[in-house]
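**Q** Pasting the sequence and the predicted model now:
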2 protein chains.
Amino acid sequence: MRPHSSSHKQNKSLSVYLLNTLMEPDKVLERINGLFATDLLPQNPNSFEETKLFLQQVAEILIDYIKEEYDAKSKVLEFHHPSEMAQIVDLSIPDKPMELTQLLQSCRDVLKLCVRTGHPRFFNQLSCGLDLVCMAGEWLTATCNTNMFTYEIAPVFTLMEKEVIRRMIELIGWPEGEGDAIFSPGGALANVYAISAARHHHFPRVKRFGMSSVPTLCAFVSADAHYSTKRAASILGIGTDNCFSIITDNAGQMIPEALEQKIVECKGEGLYPFFVCATAGTTVYGAWDPFHKIADICNRHKVWMHVDAAWGGGLLLSPEHRHKLAGIERAQSITWSPHKLMGALLQCSAIFIRYEGLLLQANQQSAHYLFQKDKPYDCSYDTGDKAIQCGRHNDIFKLWLMWRSKGMEGYRRQVNRLMQLASYFTQRIKNTEGYEMVIAQPEFLNICFWYVPPSLRHLDPKEKAAGLDKIAPKIKLKMMERGTTMVGYQPDPHSNRPNFFRMIISNQAITETDLDFLIDEIIQIGKDM
Amino acid sequence: MRPHSSSHKQNKSLSVYLLNTLMEPDKVLERINGLFATDLLPQNPNSFEETKLFLQQVAEILIDYIKEEYDAKSKVLEFHHPSEMAQIVDLSIPDKPMELTQLLQSCRDVLKLCVRTGHPRFFNQLSCGLDLVCMAGEWLTATCNTNMFTYEIAPVFTLMEKEVIRRMIELIGWPEGEGDAIFSPGGALANVYAISAARHHHFPRVKRFGMSSVPTLCAFVSADAHYSTKRAASILGIGTDNCFSIITDNAGQMIPEALEQKIVECKGEGLYPFFVCATAGTTVYGAWDPFHKIADICNRHKVWMHVDAAWGGGLLLSPEHRHKLAGIERAQSITWSPHKLMGALLQCSAIFIRYEGLLLQANQQSAHYLFQKDKPYDCSYDTGDKAIQCGRHNDIFKLWLMWRSKGMEGYRRQVNRLMQLASYFTQRIKNTEGYEMVIAQPEFLNICFWYVPPSLRHLDPKEKAAGLDKIAPKIKLKMMERGTTMVGYQPDPHSNRPNFFRMIISNQAITETDLDFLIDEIIQIGKDM
């Protein structure tokens, strides 16, 4: 170990840090060589230096991964079929403990085979990207390892959740003092929360007596909405056949007249319409349902209006673009997932309910071991009895820290820049030979398009469609094999559209060069198909 | 910056590491001073060194927290009432971005106010402790930031989940080739999965037509079971009143004769019994329901048997103690949360279903944008359509890495050691003046006891009980104010027991000294009450 300047002794933490890292590289590893987890804290109380070296090594491995991930020239993935993958990497649980150095190697081996979801050329999902401040927040969350169910063990995080929720409700536009919310494990469960709250609002007796004690309930959602509303209807005992799909126009927006007609029809058949789910930013087309018209219909028929803004909610951060969500403030509940457009790490979703107290009434079980009323603090701060879960992961700190790093201004710039990139990409697709738009004027960050290889360009529409349906999967496979980029594809069975690509621009790391790259890469791969 | 030995250039990563950290402490901070998140990757592509310094600083802050947390002499918490807490810490979201150094300070400020759930004297919940390898795994999980819904973007983690599930099913004891599972956000939702699967098994039509299309279903759970089964009954549209509480004996075990009687009674009233939830390790007493007898009853009445082993499942890792779960292998479904006894970070829970394919049938919605059948790989590896969620957090890597660090042998030792500590603590309570056991022979890691201050010792039973009911909350408040330790308390309304403490021994950091400390501390605090 080399000596180090004594002038820094005042800063103990940094001195110890330097002391460790001044060791020669081989010695760093030598010191944990042959050690096991039981040689570290807490089992060996005198092992702080070794524990530190181990965790620093983990951090170094992760920092190296990040460096590679953000290098546009690096691969997005190293594709292997499941059966091959099982041969390449040893996933077994051993009988004997493994050494720390073997665990570090396991980390490197696994990372090598991971899909780089933060890579600037990964366009495959609504949640892309890796915000490093958010990631730092999640590291801290892991280290704190607490549970959000009571103020008792999550005092700061409980208050933090309250404050972030307050700001998000402001952005939604509900009057001050209205609205309640809770973070939930993903948007699909947020939708379960919403339907369950709506049901409790209409028929509180369901909580005690079940669905067989009330009329047959029915719900409505656009044909282009996320599938989670139907799944929620199945879980909640409503039934997917009682969750009606309302047709959409060519751009993917729910047709309000069709909604009202269906509501009236259901009433006529003796069903009880109680819930409409509108979507802010549909999954495939990024469409915005006409919120004001839907709110009017819901008012007329006394039906709960929910907006699934899991994907689109982030646009509320942009004064320039938030008009697309006009009318969202008329909803009784809203799903908004910061792990999508806002770029938080998965998972980070919230459900907003307009009526204070309803979440608690719907879910409360008053477990005497957890939500005692004789606690030594104001128990109204305990959030656990509002939740469907019992233990609840801390999804707030990473969002809070990231939001602080950007401020309202930074988020505005970030979201506006993504919208600009989307219109750049749209123009490029429109102006590049061989590409066709699925929806001429995308309204959000989803740009859906076909690549038509020369061999298909002069076929009649029916033959062309049949041919096109096979092109996207073929290009996708090649992309994955080359490892250069990833973008999703799907057909649209409702409007008989063959497989097309859905480009998603939500990663703040994306530049115009990356978008140009995708356009060229697809041509390269597909031109001779 | 100091020069460093050139002999280590072969190891680039370590050289860069040393290069950074050889800088004098002030310079380390100087280099990121005045920078914002936008000055780091990915916005500034030439900022790798600064990005690295920032993340290393985050890691250092967390490592310092860990050092303090594992120091038994440090405080478990710094208690503040919610209104005070809101004054102490600034939780606002600013308009302008905050500097990196301010974000680091935010991390330090928040950590200072966190309850140290990994502290060896934090005995407050079933999930205590901070396994550092598991934590390292969660850091990596954050950095990978992927979604478990498809093999496409989580190839290694998907296979890893399969392998860990296979090992857990072996431990459960289901025959090879039987059983399916999925990791879910906590045990409460795992129970929702179980009831939903059982319902689909009995009445697949509920998925499409809802609960009003089938007879009134009813379920059974012990009076000492976790409240999540009742809450699940409410969510699923069964109704809490159709989820019957079965009385328990003095030790907290379900009385099987009472269960069978209730099933028969319900049938007589025209209800349709379909689900029994037995518990392996109840929340308060740590009791084991009589699984074989319950399985016999379920067989006789063709009712689904679920075992909620969220807490107790970890005991399957001990050949010496797993006999307490004898009969669990006869269940049709099992909840098991490695974030409890196995010490994984929150959240880590799995639901096991005996019948392959049932989870998929119950939850499948076949979204065409996500679960295409023309994907270029074997789509049976996609797990997303089995889930209630859509996006699903990666809860497997941290468990896998931790399990590797211990091996089967290490876990056996760890679990056996906790059981030994529990019997040490039980003996100490029995032999220490002023303490009384609630259940004479605890069967698990929950030890429930009263501390009776001298002032109450000679009162008649009724007065003593009334006095005791106020003692635990008072002692708890003092504990929290002193910040020395935390342990939960609750009354038992079913058996008219006044507030008692529930000691939980699940943190591997606990030593006999910590247990002795708790016993002395309670006496110190309570003796003059």
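**A** Everything's here; your move. Numbers count the residues shown, from 1 in each chain, chains lettered A, B, ... in the order given.
**Q** just the helices in the stretch 151-300 of chain A please.
**A** A:155-172, A:187-202, A:205-209, A:228-235, A:256-268, A:291-301 (DSSP state H, counting those that start in this stretch).
**Q** Turn those into a markdown table, columns for distance to chain B.
**A** The way it works is simple: take the backbone N, C-alpha and C, and place the C-beta from them, glycine included. Converted to a markdown table, the helices of the stretch 151-300 of chain A look like this (distance: least, Cβ to the nearest Cβ, whole Å):
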| stretch | distance to chain B |
| --- | --- |
| helix A:155-172 | 4 |
| helix A:187-202 | 4 |
| helix A:205-209 | 5 |
| helix A:228-235 | 5 |
| helix A:256-268 | 13 |
| helix A:291-301 | 20 |
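**Q** Could you point out which of those helices sits nearest residue B:418?
**A** helix A:155-172 (27.5 Å; Cβ to Cβ).
**Q** Can you mark which positions in that closest one are buried?
**A** Residues of helix A:155-172 classed as buried: A:155-165, A:168-169, A:171-172 (neighbour count, 16 or more other Cβ atoms under 10 Å in any protein chain shown).
**Q** any idea which helix or strand of chain A has the worst average confidence?
**A** Here the helix or strand of chain A ranked lowest by mean pLDDT, DSSP states H and E is helix A:12-21, holding a mean of 46.
**Q** Which helix or strand lies directly C-terminal to that one?
**A** helix A:25-32 (DSSP states H and E).
**Q** Just list what the helix or strand following that next one packs against, helices and strands only.
**A** Later in the chain than helix A:25-32, the nearest helix or strand by DSSP H and E is helix A:48-69. In this structure, helix A:48-69 makes packing contacts with helix A:12-21, helix A:25-32, helix A:100-112, helix B:12-21, helix B:48-69, helix B:132-144, judged by 3 or more Cβ pairs under 8 Å, 6 or more residues apart in numbering or on different chains; DSSP states H and E.
**Q** right, so those: which one is the most enclosed?
**A** For the helices and strands packed on helix A:48-69, the largest average neighbour count (mean count of other Cβ atoms under 10 Å in any protein chain shown) is found in helix B:132-144, namely a mean of 26.
**Q** who's in contact with that helix?
**A** Applying Cβ atoms under 8 Å, 6 or more residues apart in numbering or on different chains, the contact partners of helix B:132-144 are A:37, A:40-41, A:51, A:54-55, A:58-59, A:61-62, A:65-66, A:103, A:107, A:110-111, A:114, A:117, A:130, A:135, A:138-139, A:142-143, A:145, A:345, B:66, B:157, B:343-345, B:394, B:397-402, B:405.
**Q** Residue A:305 contacts residue A:292, correct?
**A** No: with contact defined as Cβ atoms under 8 Å, residue A:305 does not count as touching residue A:292 (10.7 Å).
**Q** anything in contact with each of those two?
**A** With Cβ under 8 Å, 6+ apart, residue A:305 and residue A:292 have common neighbours residue A:330.
**Q** ok, now how distant is the closest residue to residue A:149 other than its chain neighbours from residue B:125?
**A** Using Cβ to Cβ, 6 or more residues apart in numbering or on different chains and skipping residues adjacent in sequence, the residue nearest residue A:149 is residue A:384, 3.1 Å away. Separation of residue A:384 from residue B:125 (Cβ to Cβ, to the nearest Å): 11 Å.
**Q** and the helices of the stretch 151-300 of chain A as TSV, adding mean pLDDT?
**A** Shown next, in TSV, are the helices of the stretch 151-300 of chain A (pLDDT from 0 to 100):
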stretch	mean pLDDT
helix A:155-172	98
helix A:187-202	98
helix A:205-209	98
helix A:228-235	97
helix A:256-268	98
helix A:291-301	98
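**Q** Compute the number of surrounding residues for the residue of chain A found nearest chain B.
**A** Closest contact between chain A and chain B, by Cβ to the nearest Cβ, is at residue A:237 (2.6 Å). Counted with other Cβ atoms under 10 Å in any protein chain shown, the neighbours of residue A:237 add up to 29.
**Q** same deal with residue A:454?
**A** The burial count for residue A:454: 12, using other Cβ under 10 Å.
**Q** What pLDDT is listed against it?
**A** Residue A:454 carries a pLDDT value of 98.
**Q** my read: it touches residue A:434, true?
**A** Yes: counting by Cβ under 8 Å, residue A:434 is a contact partner of residue A:454 at 7.3 Å.
**Q** Overlap in contacts, these two.
**A** With Cβ under 8 Å, 6+ apart, residue A:454 and residue A:434 have common neighbours residue A:527.
**Q** what about the closest residue to residue A:320 other than its chain neighbours, is that helix, strand or coil?
**A** Sequence neighbours aside, residue A:416 is the residue nearest to residue A:320 in space, at 5.8 Å (criterion: Cβ to Cβ, 6+ apart). Look at residue A:416: counting by DSSP: H, G, I helix; E, B strand; the rest coil, its state is helix.
**Q** So residue A:416 is in contact with residue A:319, correct?
**A** No: between residue A:416 and residue A:319 there is no contact under Cβ under 8 Å: 9.1 Å.
**Q** neighbour count winner among these two?
**A** A direct count of neighbours by other Cβ under 10 Å for residue A:416 and residue A:319 places residue A:416 higher, at 16 against 11.
**Q** which ones are touching residue A:62?
**A** B:55, B:139, B:140, B:143.
**Q** should've said residue A:416
**A** Counted by Cβ under 8 Å, 6+ apart, residue A:416 has contacts A:318, A:320, A:321.
**Q** ok, 10 Å please
**A** Residue A:416 makes contacts with A:315, A:317, A:318, A:319, A:320, A:321, as judged by Cβ atoms under 10 Å, 6 or more residues apart in numbering or on different chains.
**Q** Ok, residue A:287 next?
**A** A:222, A:224-225, A:248-254, A:279-281, A:312, A:324, A:439, A:442-444, A:446.
**Q** Derive a PyMOL selection command for the buried subset of the residues you listed.
**A** Per 16+ other Cβ under 10 Å, the buried members of these correspond to this PyMOL selection:
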select buried, chain A and resi 222+224+225+248+251+252+253+254+279+280+281+312+324+439+442+443+444+446
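**Q** Mind checking which of the contacts of residue A:287 are in strands?
**A** A:222, A:279, A:446 (DSSP state E).
**Q** So what's the residue count around the residue lying closest to the last one once chain neighbours are set aside?
**A** Right, the one you point to is residue A:446. Spatially, and ignoring its direct neighbours in sequence, residue A:446 is nearest to residue A:286 (3.3 Å; Cβ to Cβ, 6+ apart). Residue A:286: 28 surrounding residues under other Cβ under 10 Å.
**Q** surely residue A:286 meets residue A:426?
**A** No: the criterion here is Cβ atoms under 10 Å, and residue A:286 misses it with residue A:426 at 11.3 Å.
**Q** Can you work out which residues contact both of those two?
**A** A:439, A:442, A:447, A:505.
**Q** dump the residue contacts of residue A:457.
**A** Residue A:457 sits in contact with A:433, A:434, A:436, A:464, A:467, where contact means Cβ under 10 Å, 6+ apart.
**Q** shouldn't the second one be in contact with residue A:520?
**A** No: using Cβ under 10 Å as the test, residue A:434 is too far from residue A:520 to be in contact (11.3 Å).
**Q** Tell me which of these two has more neighbours.
**A** residue A:434 (17 against 11).
**Q** Quick one, grab the pLDDT at the more buried one.
**A** pLDDT for residue A:434: 98.
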